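[1] sequence first, predicted model second:
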Amino acid sequence: MARHPRPDRASPSQTSGRKFGRALGRVLGRVAVGAVALLSGLVLLISATLLAGLWLGLEAAPRVPQAAPASVDDIDRALRMLRRHDPRGRLPGIQRNVTLTPRDLELLVAQIGRRRGEPGVKVTLQSGAARLQLSLPVPANRFGHWLNIDAQLREKPGLPMLQQLTIGRLQVPGWLAEAALPSLLALADVQKQADMVRRLVNHVAVTPQQLTVTYALPASPQQELAVGLLTPDDQARLQVYTQRLAELSAQLAATGPVSLARLLPPVFALARERSPDSATAARENRAALMALAFLVNDQALPGFLADLQGAQPGQPARPLKVTLLGRHDTPQHFLISAALSAKGGGALANAIGLYKEVADSQGGSGFSFNDLAADRAGTRLGLLAVGDPLAFQARLAAGVIEADLMPAVADLPEAMNAREFRNRFGGVGAPAYRQMMDDIEARLNGLSLLQPPP
């Protein structure tokens, strides 16, 4: 009977290799299990840290109430300050000082923070130190609706240093806050402005109730401001809409005055073509409104913006006279307010419009409720342009008439000097004045296009 051959016995080296392989497999298995457990633990730890940070950082209510909106006196002081520090024609490299009060700083910070909603701001100054308390609204979530920030700064050569930072109930050491500051500025979308401040400002001195900024202008101050305040994308967008308006002007100027209602559809049809999403649409709408505001005020796009793009802005073959309700000044008021509110919020646009009318009553064309109605209509349009940007583009691209943009206002009082205005309406804020403003708002409420966005 045939016998099956017996398999050869494994050599000692093969046996050792198998044992080593099994042992290595067991070790690697344990390592893999340990690594998975470690990674899971790290994920849980990171998640717990983030959740703890959100829980400690966000709060249910603001700690700082909203500051009073800018008044006529605030705007007057700001404009006088801007005139004193106008960079045009100033020699570069020479140090200059600008003095700011806590109220000035609160309005400035509130205006920057308004991109995220209506913030509360409080600034406290003392010798060598400053304290900024800020309450910013955040999108609805389970942890809290407010980000409360308390930053304490100490004077040093150059810019102040961040000495202590509290976010909600979360204490952040000064050294860590300083290290994280660039990321926080980028997150708040103010990195470019912060970089511009570092380039221009040499020192900040803090005394009780006053902050003095020492700065020196560069060789090309207007270009520096453009780079600091407008992103390259924003500059390119302005070029696009300025060029489109130049083309429209060349087509329409020979026909005489042109209604604003005729310009808006082609401009916002272009904005609609260039807007793949809501965030882009808001930026396109801001640029379009700014370009329109330049046009109706007979201003070309500033040359330094064109130089940054390596191209000259398109210029109309002849000036285009734009009207609204048969007047040339109404579209000026309307579009300046629209551009301001789209960029900085309705409160700023309203304050500047009111300031202009008060100033006009003291030696200009006179106080005009007609102009204030155009300001308020433009403010509503600007807020819609960024509040519901895609729907706004679709609505305007479909076509509008003047009655969509402005109610009838020819009966409203205007051309009043300061004495007549006080005698008839008691001044800004008096009952008769408020009654007129309520009447204007009621007229605007009758226009479907200018209803607040959802």
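    That came through, no problem.

[2] count the residues that sit near I94.
    9 (other CB atoms under 10 Å). C-beta coordinates here come from the backbone N, C-alpha and C atoms, glycine included.

[3] how close does it get to V386?
    With distances taken as CB to CB, to the nearest Å, I94 is found 39 Å from V386.

[4] ok, now V213?
    Distance of V213 to V386, given as CB to CB: 30 Å.

[5] neighbour count winner among these two?
    The neighbour comparison of V213 against V386 (other CB under 10 Å) goes to V386, with 22 against 18.

[6] for the more buried one, which non-adjacent residue is spatially closest?
    Among residues not flanking V386 along the chain, A282 sits closest, at 4.4 Å (CB to CB, 6 or more residues apart in numbering).

[7] pLDDT score for that neighbour?
    Each residue has a pLDDT score; the one for A282 is 92.

[8] tell me where this structure has strands.
    Applying DSSP state E to the chain gives strands spanning 58-59, 95-100, 120-126, 129-137, 146-154, 161-167, 170-173, 201-207, 210-216, 258-259, 322-323.

[9] determine which stretch of these is the most buried.
    Highest mean neighbour count of those: strand 322-323, a mean of 22 (counted as mean count of other CB atoms under 10 Å).

[10] report all helices and strands that it contacts.
    Strand 322-323 sits against strand 258-259, helix 260-273, helix 329-344, with contacts defined as 3 or more CB pairs under 8 Å, 6 or more residues apart in numbering; DSSP states H and E.

[11] just to revisit the earlier point, and Q239, which of the strands of the chain is closest to it?
    strand 322-323 (20.2 Å; CB to CB).

[12] can you list contacts of that closest one?
    The contact list for strand 322-323 (CB atoms under 8 Å, 6 or more residues apart in numbering) reads P257, V258, S259, L260, L263, L295, V296, H328, T330, P331.

[13] among those, who's most crowded?
    P331 leads the contacts of strand 322-323 on contacts (other CB under 10 Å) with 29 neighbours.

[14] ok, now how distant is that residue from G378?
    With CB to CB as the criterion, P331 and G378 are 9 Å apart.

[15] pick the most deeply packed of the helices and strands packed on strand 322-323.
    helix 329-344 (a mean of 25).

[16] between that one and helix 260-273, how big is the angle?
    Between helix 329-344 and helix 260-273, the angle comes out at 30 degrees (axes from the mean of the first three to the mean of the last three CA atoms, to 10 degrees).

[17] domain map for this protein?
    72-216, 230-450 (automatic domain parsing).

[18] ok, which of the strands of the chain comes nearest M416?
    strand 322-323 (23.3 Å).

[19] returning to what we had before: select, out of the helices and strands packed on strand 322-323, the one closest to R237.
    helix 260-273 (9.2 Å).

[20] helices and strands of the chain: which one has the lowest mean pLDDT?
    Counting by mean pLDDT, DSSP states H and E, the chain has its least confident helix or strand at helix 303-309, which shows a mean of 46.

[21] tell me who's in contact with the nearest residue to H328 once chain neighbours are set aside.
    For H328, ignoring the flanking residues on the chain, the nearest one in space by CB to CB, 6+ apart is K321 at 6.4 Å. K321 is in contact with G256, P257, V258, H328, counting by CB under 8 Å, 6+ apart.

[22] for the nearest residue to the first one once chain neighbours are set aside, grab phi and psi.
    Spelled out, that is G256. Closest residue to G256 apart from its sequence neighbours, by CB to CB, 6+ apart: K321 at 7.3 Å. Phi and psi for K321, reported as degrees, to the nearest 10, are phi -90, psi 110.
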